[in-house]
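Asks: pasting the structure only:
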Ligand code: GRF
């Protein structure tokens, strides 16, 4: 059974989708063993506690330098013996110490079809604001491995979602979450836990 550690900073609806999938038996060979938040007020922590999952907090402000923070975060993940790290709305930047230690073992969910509307500055509602301003008819979500390039790691799964006349960033965000993020994130995690994902030349190969 692989140990899954989920990093969060906010509401944690993607964490909830993972917990619900786990309860339905859809996370094959994986178990969410710990939730780590960069914000002690994150509602995601309540979700962890309500489901009997260990919850920890690590705040950037408690560390002097980025390097110290990275080392502390890597320390927690090693202490928790994480096989897989999932970024589910984790808003704090971490560096190469963590990325190198967990190469191709960190999965992020991004609310667009990468490479559209991604990279530095594209997070939260901003992603959907840009998508609507550009007038795209299709947007969606991407589950990908994390490497040193922001939103640039190997793509695992993507799902398209249609925009509609009258969409606001908030309405579109909700649709993208419901129709794409909450579906592909648990699926990507389950594939990982079954050792069905391999990365070859920057591309994810899914074996069935
Ligand atoms: C989601 O839109 C996710 O794609 C992005 O951050 C948001 C997190 O929302 N990375 P939640 O905390 O899971 O509700």
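Replies: Now that the structure is in, tell me what you want to look at. Just so it is clear, the structure is predicted and the values come from calculations on it, not from any experiment.

Asks: tell me which strands the helix or strand that contains residue 36 pairs with, and in which orientation.
Replies: Residue 36 is located in strand 30-37, with elements delineated by DSSP states H and E. Applying DSSP bridges to the sheet, strand 30-37 is found paired with strand 2-8 (parallel), strand 54-57 (parallel).

Asks: now the element after the first one, going C-ward?
Replies: Proceeding N to C from strand 2-8, the next assigned helix or strand is helix 13-23, under DSSP H and E.

Asks: which one is the closest residue to the ligand within the chain nearest to, not counting chain neighbours?
Replies: Of all residues in the chain, residue 89 sits closest to the ligand, at 2.6 Å by Cβ to the nearest ligand atom. Quick note: C-beta positions are derived from backbone N, CA and C, even for glycine. Take residue 89 and drop its neighbours on the chain: the residue closest to it by Cβ to Cβ, 6 or more residues apart in numbering is residue 10, 4.9 Å away.

Asks: now the one you found: how far from residue 57?
Replies: With the distance defined as Cβ to Cβ, to the nearest Å, residue 10 ends up 13 Å from residue 57.

Asks: end to end, how far does stretch 89-104 reach?
Replies: 18 Å (Cα to Cα, to the nearest Å).

Asks: repeat that for stretch 11-31.
Replies: From the first residue to the last, stretch 11-31 extends over 21 Å; the measure is Cα to Cα.

Asks: report the buried residues of that stretch.
Replies: Within stretch 11-31, the residues that qualify as buried are 12, 13, 14, 15, 16, 17, 18, 19, 21, 22, 27, 30, counting by 16 or more other Cβ atoms under 10 Å.

Asks: give me the phi and psi for residue 148.
Replies: phi -70, psi -10 (degrees, to the nearest 10).

Asks: where's it relative to residue 171, distance?
Replies: Look at residue 148 and residue 171: by Cβ to Cβ, they are 34 Å apart.

Asks: so which of the two has more stuff around it?
Replies: When residue 148 and residue 171 are compared on other Cβ atoms under 10 Å, the one with more neighbours turns out to be residue 171, at 14 against 10.

Asks: which other residues reach the helix or strand bottoming out on mean pLDDT in the chain?
Replies: Averaged element by element with mean pLDDT, DSSP states H and E, the chain has its least confident helix or strand at helix 96-101 (a mean of 93). Applying Cβ atoms under 8 Å, 6 or more residues apart in numbering, the contact partners of helix 96-101 are 67, 70, 71, 73, 74, 77, 78, 85, 106, 146, 147, 148.

Asks: how about 7 Å then?
Replies: Defining contact as Cβ atoms under 7 Å, 6 or more residues apart in numbering, one finds that helix 96-101 is touched by 70, 71, 73, 74, 77, 106, 146, 147, 148.

Asks: same check on stretch 8-26?
Replies: Contacts with stretch 8-26, where a contact means Cβ under 7 Å, 6+ apart, come from 6, 27, 32, 35, 37-39, 42-44, 47, 51, 86, 88-92, 109, 177, 181-182, 185-186, 189-190.

Asks: repeat that for 6 Å
Replies: 6, 27, 32, 37-39, 42-44, 47, 51, 88-91, 109, 181-182, 185-186 (Cβ atoms under 6 Å, 6 or more residues apart in numbering).
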